[in-house]
Structure formats: structure tokens, C-alpha cells
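Colleague: no letters, just coordinates:
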């Protein structure tokens, strides 16, 4: 049979051509969908928006332990970001659930994978981050500064750096996935210099790196100026005058797939700023917390011979109820409030014995500014700590566990015990054992250890607190009759 030589109708393509074109259209459509999906891949990751969060009854917030934004103090969670997040959760009618972040390099992946709804750890807003998460309205503005020891404290070989280009040839320690790392890279490109940037593990907080600079273990790191200024109150020998970036916003972050949550958060933050609540919170944690952490400038106080304070009668009655030497209780009260019944700490602890309202409520004492009521609540808490540590047989050792727990809460001391066991120390001995690991709980390697429950603790505070009270008590015992 001869092949057909007929031509296709005008305006129509051959069937084979139409099939090829159709196949190409489908292929291009598939590629377009894949490309769009890649650009908006957060839309396909696990996550919840405002309606789902309200339905669950919980807002999951990603927070890393640090001495400003999230920590446990006297058994209570506290911190600037924690308190703001708790208030926001209440405003949308749900409870707050903190999801601890042990490695700061993982907080963005954790958010995008659905482990949390909000990153409440302050992030510097950058173009690269803005492509993968949404940022809230700024909570603060900061610029990055070089952290180094002052000229008179610099170690041999560590020149004082007064301008960014003088970092040529210097070694600077920062987290690789931090905005600080990128700022140093920009300085190198801009000024044509070479900086030895040493990336550190994400478990090392900015505060920990500042401490390493202060201790002379590293020469340089970079920090946001607001963090650096706060830590300068603890480490007065550090120098933070050299800027390494322009001023940039700090904000919280949400997933791209949670637009309603972001809108509600932004509206709430704007209202909080207008009302002054954010400014009050900022002052509480960035200024008052460190101003209040003072130590007694005098070991001994007495307004009359044989007396320690004008509250001796109340102190003696309270000490008798729990079987303590009244001079020991007086030493604790002096350390807490210097016998000021109106003292209120940055954390809200009240009165002579600096009792937290929640602790007073357990003892059914609510007027904590009243000296007698305050001592009643404080000694009731001491009595509960006696029971907490009853398995420590040696009386003097048990007393140290009790005093440290009164200052920072028994949970941190229990964590120090667990660390002592893990590293081969004695969990029932204080000096060089539990005390040592309480001190080490300010280091990420230890407060992020799997055996601990409460995270960061500024261990030097309860250790000094315990030593100071016992030293003053010895002096009281020498000069004040029982």
C-alpha cells in the first residue's frame, strides 16, 4: 500500500508534534512547581499557625539558656525573652512551653522543622536569614562590637584593636552560623585583610565567649553591644569600644508558614512598646539584675554592743523554730538584704530574707514586707531545705548544700551532684566536689550536659554566697554571745 502524501489541514500540527509539545508543557510545569516549591519550601515543612496553636493550648518557644534571656533562679524560670514570651502566650490564651536549644546553630533548623513556633532568642535581622524565616517587628537595635581586654590587661601578643582594619592577622572566636562570622568576612572583603576566624561550637553562648576573653583564654570575640554592655558590669576589664558592624535590628523569628502568628505577635509587640512594658522588662534584666548582685561590703554590722540588728528578737525566734544558731540566720539575712525589710530584688524577691512571692505563698505568708512574716516564710523555706538535704549526714556539709540552695534553688545543686557523679567526684562532699561542678555550671559543656535538668547557672554567685555567710557567721560567733 503506498504511503499517504496528503498534507495536514491548515492551522493543525501533526499528531507527533502535538504530543511532543504537550510533553514539554507538562515537563516545564513540573519544573516550575519544583522551583516554586524550592523557593517556598517552608510551606511544606511541619508547622502550625495561630489557629492550630490555640487549638493545642500551647505556644512552643525556642530558647537557649543564658544569664539574660532564659535561666532558672530559685527554682523559677526567668529571663527577658522568657517573660515576654510568657506574656504573649497569655495574650493569645495559651500556655507557654519552652523548648530548650542546646546548640544555637540548630535554632533555625528547629524552627523550620516544627520543633517550636517562635525563636525568642534575639536574632540579628539579615537578608540571608530573612529568606528562610519571617522576623517580628524589632525588639531592639544593636551594632556588633569587638570584645577584648583593656590595653592595660592585654596579654603578650594581643595588641589592642581600635579599628576593624587593625584585626588583620588577629584570631577571633565566633560561632560560624552567627551574624558575627559574616560581619568579620565582610571586613576582610572590604579592607582586603586576612582575619583568622575560629568557628566555635554552637553550644558556646556569646556570654561564655566574653568570659573566655576576660579570663585571658582567648583574645578576641564579637558581641552585640547590648549584650557586651551588660557583661561589662560583670567583667569591668573588658573593652567593647571598637564597632565591627553598622546598627541593625534584633527580632524574634517565625516560620514562613505562620503568617497569622507573626501578625498577632507584631501587633502585641507594638502595644507592649507603646505601653512601656518592653522598656521596663529591658531595664529589669539588662540593668537591675547586675546592679543588685552586690556583696556585703562589711563583714559585721551592729547598732549596739551584743546586738547584730534591730531585728534580733525576731531572728532569734525564727532561728529557734528551725534549730539554727540565730547568728547564722543573721548572717544569711545580712547577705540577702543588709537588714532592709523594704528591699526588693530585680527578680521580685522581697524583704529581710529576700523571699520570692511563690515561696511565701507555700508558707501561706503574703505580706512579705513585714519583718516577722518575712522571717516566718524564709525560715519555713530553710526548714524544707533541711529535709531536702537530710541524706547529707555531716552537719557542716549539709549546711553548705542548704545555703547554696537558698541562693540559687536546690535544682541547680542537684545538677551539680549529677555532674560530680558523672565525672567521678563525691556527690555528698562540698569542697572540690559538688562546689566545683556548681561553678562549672556556667560553662555550656556542663550546663548542656544530658544529666542536667536546669541549664545555665552562674555558679560563682551561690559559691561566694555560701562562703560569705559562713565567714560572717564565724566572726559573729567570736564577738556576739550566744
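Modeller: Nice, thanks for sending it over. The model shown is predicted, which means the values in this text are computed figures rather than measured ones. Numbering: from 1, shown residues only.
Colleague: mind giving me the packing neighbours of whichever helix or strand residue 199 is part of?
Modeller: Counting by DSSP states H and E, the element that carries residue 199 is strand 196-200. Counting contacts by 3 or more C-beta pairs under 8 Å, 6 or more residues apart in numbering; DSSP states H and E, the secondary-structure elements packed against strand 196-200 are strand 171-175, helix 179-191. Every residue, glycine included, has its C-beta placed from N, CA and C.
Colleague: try it again with 6 Å
Modeller: strand 171-175 (3 or more C-beta pairs under 6 Å, 6 or more residues apart in numbering; DSSP states H and E).
Colleague: next, the angle helix 179-191 makes with the strand it packs on.
Modeller: Put simply, strand 171-175 runs at 140 degrees to helix 179-191, going by axes from the mean of the first three to the mean of the last three C-alpha atoms, to 10 degrees.
Colleague: ok so, going back, rounded mean pLDDT for the following helix or strand past the strand holding residue 199, please.
Modeller: Beyond strand 196-200 on the C-terminal side, the first helix or strand identified by DSSP H and E is helix 206-214. Averaged across helix 206-214, the pLDDT comes to 90.
Colleague: got it, and stretch 144-153?
Modeller: In this model, stretch 144-153 has a mean pLDDT of 87.
Colleague: what of stretch 239-259?
Modeller: Along stretch 239-259, the predicted confidence averages to a pLDDT of 94.
Colleague: buried residues in that stretch?
Modeller: When neighbours are counted by 16 or more other C-beta atoms under 10 Å, the buried residues of stretch 239-259 are found to be 239-240, 242, 244-245, 248-258.
Colleague: cool, stretch 322-337 as well?
Modeller: Of the residues in stretch 322-337, those buried under the neighbour-count criterion (16+ other C-beta under 10 Å) are 322, 324, 326-337.
Colleague: what do you get for stretch 233-240?
Modeller: When neighbours are counted by 16+ other C-beta under 10 Å, the buried residues of stretch 233-240 are found to be 234, 235, 238, 239, 240.
Colleague: and the first one, that's in a helix?
Modeller: No - with the criterion set as DSSP: H, G, I helix; E, B strand; the rest coil, the secondary structure at residue 234 is coil rather than a helix.
Colleague: quick revisit: what's the angle between the strand holding residue 199 and helix 206-214?
Modeller: Per the same axes, to 10 degrees, the angle that strand 196-200 makes with helix 206-214 is 130 degrees.
Colleague: would you mark the buried spots in strand 196-200?
Modeller: 197, 200.
Colleague: try stretch 69-85
Modeller: Neighbour-count burial for stretch 69-85, with 16+ other C-beta under 10 Å as criterion, is recorded at 69-74, 77-85.
Colleague: identify the spatial nearest neighbour of residue 211, chain neighbours not counted.
Modeller: Across the structure, with C-beta to C-beta, 6 or more residues apart in numbering as the measure, the residue nearest residue 211 apart from its sequence neighbours is residue 235 (7.0 Å).
Colleague: residue 215 is in contact with that neighbour, correct?
Modeller: No - under the criterion of C-beta atoms under 6 Å, residue 235 makes no contact with residue 215, lying 8.8 Å away.
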